[in-house]
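1. What follows is a predicted structure for the sequence shown.
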Amino acid sequence: MVLSETAERITSMEIRGAGRIARAAVEALKEYSEGLDSPDLTAYKKSMQEAADTLLATRPTAVSLPNAIHYTLASLKAADSLPAARAALRERADEFIRSSLHAIEWIAEIGARHISDGDVLLTHCNSQAALACIIEAHRQGKEIEVYATEVRPRGQGLLTLQALDQAGIRTNYIIDSAVRHFMNEIDLVIVGADAVTVNGAVVNKIGTAPIALAANEARTNVIVAAETYKFAPLTILGDLIEIEERSGSEVLSEEIAARFRHVTIRNPVFDVTPASYIDLIITEKGALPPGLAYVIIRDYLGWSIEEFSKPHGLDDRNTD
Ligand code: RI2
């Protein structure tokens, strides 16, 4: 598939989910690199950067995308010839894809430890990482039941239903606004993440924050399943995660919307859940309270506060 096609499929959400878009982008970079007919290393690097920019422009919120792209491109730094650069990129891309899939297996293993026999769980949207924990707990023989939300406006809840049903897990399908009604029956909320900030706030599908609020009120624990590459290094500098707002036509058809003259349809697709509403973040490196998010950014993404005292430190950073 050509790179622009992958970019288009990410933008349209045909390829979706923070982990999946990261892997698809890295795969696209690798394919693009293989087919690139560059006269020299400088031209090759320039073309690769342009390709990366095209992919980076697709969706602004899931930090897995820039983290994965920067990690892959960082492999070019040490290359001193065009063939070496191409080989390094290929190796790095394969390594990222392999390790990101491994990460989900580890998260499943660690997350399942936090799910007890008899638990009633609630999940929102369609997170591979969160689902992996639920499915692993079921595989271990724990008797569990799940509430899965519809996820307006794109309906990713259906994908979740498919996965849970296929695994043979007893599931209740509810509309998003029914969450509080059922919260007293829920033992544990488990969701994924598109980004985790340095202070442990979690950016995830719109509706996650009110679910966490309702859980907090009902004293129900909330855990987040997130690979380390979903932690956002630039939040150390105070950068905010951009919340993607998509077309209003996803919420109301253009035909119906055209009947109104004074109505604007707003469609933010993510929200921010503060760290204080999250009990635990499950990463492939272990489970940690959200307050320790900085440790992940420093130890596993290689970004430390000390680096930022250097001028131009940011431009030189990579995830090596
Ligand atoms: P995994 C999704 O975003 C959802 O917000 C989901 O919770 C998150 O990515 C993480 O998904 P979207 O692409 O990486 O549906 O765990 O907007 O699969």
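-> Yep, that arrived. Not measured: the values here are computed from a predicted model.
2. can we go C-alpha only for contacts and neighbour counts from here?
-> Fine.
3. Provide the secondary structure category for R266.
-> At R266 the chain is in coil, as set by DSSP: H, G, I helix; E, B strand; the rest coil.
4. Surely it touches E245?
-> Yes: in this structure, R266 is within contact of E245 by Cα atoms under 8 Å, at 7.4 Å.
5. Please enumerate the strands of the stretch 1-150 of the chain.
-> In the stretch 1-150 of the chain, the strands defined using DSSP state E, counting those that start in this stretch lie at 120-123, 145-149.
6. Let me have those strands in JSON lines, extended by mean neighbour count, distance to L234 and mean pLDDT.
-> Shown next, in JSON lines, are these (neighbours: other Cα atoms under 10 Å; distance: least, Cα to Cα, whole Å; pLDDT from 0 to 100):
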{"stretch": "strand 120-123", "mean neighbour count": "24", "distance to L234": "28", "mean pLDDT": "99"}
{"stretch": "strand 145-149", "mean neighbour count": "23", "distance to L234": "31", "mean pLDDT": "98"}
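7. Tabulate the ones you listed (a markdown table), appending distance to the ligand.
-> Shown next, in a markdown table, are the strands of the stretch 1-150 of the chain (distance: least, Cα to the nearest ligand atom, whole Å):
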| stretch | distance to the ligand |
| --- | --- |
| strand 120-123 | 9 |
| strand 145-149 | 12 |
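8. Make TSV out of those strands and add distance to L3.
-> Listed next are these as TSV, based on distance: least, Cα to Cα, whole Å:
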stretch	distance to L3
strand 120-123	33
strand 145-149	33
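9. Quick one, which of the ones you listed gets closest to Y300.
-> Shortest distance between Y300 and the strands of the stretch 1-150 of the chain, using Cα to Cα, is found for strand 120-123: 26.9 Å.
10. Adjacent strands (with direction) for the closest one?
-> Sheet pairing of strand 120-123 (DSSP bridges) gives strand 145-149 (parallel), strand 188-191 (parallel).
11. For E50, find the nearest of these.
-> strand 188-191 (33.7 Å).
12. chain center to the closest one, what's the gap?
-> Strand 188-191 sits 15 Å away from the centroid of its parent chain (Cα atoms, centre = their mean, to the nearest Å).
13. Likewise for stretch 27-40?
-> Averaged C-alpha coordinates place stretch 27-40 at 26 Å from its chain's average position (Cα atoms, centre = their mean).
14. Give the buried residues for it.
-> Buried residues in stretch 27-40, counted by 16 or more other Cα atoms under 10 Å: E27, A28, L29, K30, E31, Y32, S33.
15. who's in contact with the second one?
-> Contact analysis of A28 by Cα atoms under 8 Å, 6 or more residues apart in numbering lists M1, V2, L3, T6.
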